[in-house]
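Novice: below are the sequence and a predicted model; questions follow.
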Amino acid sequence: MTTLHPLAKYPGPFIAKLTNVYSVWHAIRGTRHSDLYRLHQKYGDFVRWGPNSISINNVDALEPIYGAKANVQKSSWYGSFYSVSIFNVIDKDVHARKKRVMSYAFSDQAVREIQPHVLGVIKDWCAGLGDRLEPDSMSPKSEWSSPKDMRLWAAYNIFDSLGELLFGQSFKTTTSEDNRYFLHMLPQIVWFNNIIGQMPGLAKLRLDLFFMRGQKERREKQVAFAVGNLKKRLALGPDSNGRRDIIHYLQVAKDPETGQGYSEKELIGETVLLLGAGRYSVQHENHLDCH
């Protein structure tokens, strides 16, 4: 009975209290964000939008949910990803170990060392925007450059910067079309994950194949791109051309408490997620299991 449920006191649509189909429907339509906004406007700070799901719109909830002593656990939603990474690992002890190792790659010193290489990516990006084939050719043009879709070009800049950060080399999407397919499929992956994430049982019923019909080969190509680049980088050893990229730190860093570093399987998980090939949600939502 819905009145005996631990979340029964929280308001929300009646159908949402009975089944996750409510949120799946909005995920399919791409209206979950606007629906949650509407629900909060109607019901207030706390909205029950699923049988075991509460959406909280209150700044005072940040520390209880995200603080170090938070008494919450990530839900099964995070298990729908392609691989396990620091973002979606559910076990808190495993997450803590990963975080301690990952912190080496994002220290102040590590970020300063990579800065010149990211600036090189930005230089290439500016050259591409201006239709200059050579980044160092900064002479003014006598005519306008071709129109650019900045939604895509902003993504190219970020993606190429990720290449430098992760593998010590740009993917050159601002100067070549060869690797742009990787980015063009991301909206489909986002849409797909936002459906399966609402109701993981859909995957057990193989309905995930329905939503991803016609996309299997493209997705496999996308994941192969991430894994292939990682394996090429690992083959160069930790100190590739004197560069200290993220993979360098994840290869050599050890957790000071356990002495463990990252296995190759774990490196694949982090790489796939950082590049966006892993399934991820279009929103950063709070999914809390009720125990």
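Specialist: Thanks, I have it.
Novice: could you use CA atoms for every contact and neighbour count after this?
Specialist: Will do.
Novice: where does the stretch 151-291 of the chain dip in pLDDT?
Specialist: For the stretch 151-291 of the chain, applying pLDDT under 70 flags the ranges 203, 207-215, 240-241, 277-291.
Novice: now with 50?
Specialist: Scanning the stretch 151-291 of the chain for pLDDT under 50 picks out 278-291.
Novice: how close does residue 132 sit to residue 92?
Specialist: In this view, residue 132 and residue 92 are 49 Å apart by Cα to Cα, to the nearest Å.
Novice: and residue 44, how many neighbours does it have?
Specialist: Residue 44 has 15 neighbouring residues, counting by other Cα atoms under 10 Å.
Novice: same deal with residue 180?
Specialist: Residue 180 is flanked by 17 other residues according to other Cα under 10 Å.
Novice: residue 166 versus that one, what's the distance?
Specialist: 18 Å.
Novice: what of residue 256?
Specialist: Relative to residue 166, residue 256 is positioned 23 Å away (criterion: Cα to Cα).
Novice: neighbour count winner among these two?
Specialist: residue 166 (25 against 11).
Novice: wait, the more buried one touches residue 247, no?
Specialist: Yes. Applying Cα atoms under 8 Å, one finds residue 166 in contact with residue 247, separated by 5.7 Å.
Novice: ranges for the helices of this structure?
Specialist: For the chain, the helices defined by DSSP state H cover 14-18, 21-29, 32-43, 62-66, 92-102, 108-129, 150-167, 181-184, 186-196, 201-204, 208-211, 216-235, 246-252, 264-275.
Novice: quick check: which of these is nearest to residue 84?
Specialist: Counting by Cα to Cα, residue 84 lies closest to helix 264-275 out of the helices of the chain; the figure is 5.3 Å.
Novice: dump that closest one to PDB, keeping only the CA atoms.
Specialist: Only the C-alpha atoms of helix 264-275 are listed here, as PDB (Å, rounded to 0.1, in the frame of the first residue of the first chain):
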ATOM      1  CA  GLU A 264      43.900  -1.300 -16.800                       C
ATOM      2  CA  LYS A 265      40.300  -2.200 -16.500                       C
ATOM      3  CA  GLU A 266      39.700   0.800 -14.200                       C
ATOM      4  CA  LEU A 267      41.600   3.000 -16.600                       C
ATOM      5  CA  ILE A 268      39.300   2.000 -19.400                       C
ATOM      6  CA  GLY A 269      36.300   2.900 -17.200                       C
ATOM      7  CA  GLU A 270      37.600   6.400 -16.400                       C
ATOM      8  CA  THR A 271      38.600   7.000 -20.100                       C
ATOM      9  CA  VAL A 272      35.300   5.900 -21.500                       C
ATOM     10  CA  LEU A 273      33.400   8.100 -19.100                       C
ATOM     11  CA  LEU A 274      35.600  11.200 -19.400                       C
ATOM     12  CA  LEU A 275      35.300  11.100 -23.200                       C
END
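Novice: right, I'll leave it there.
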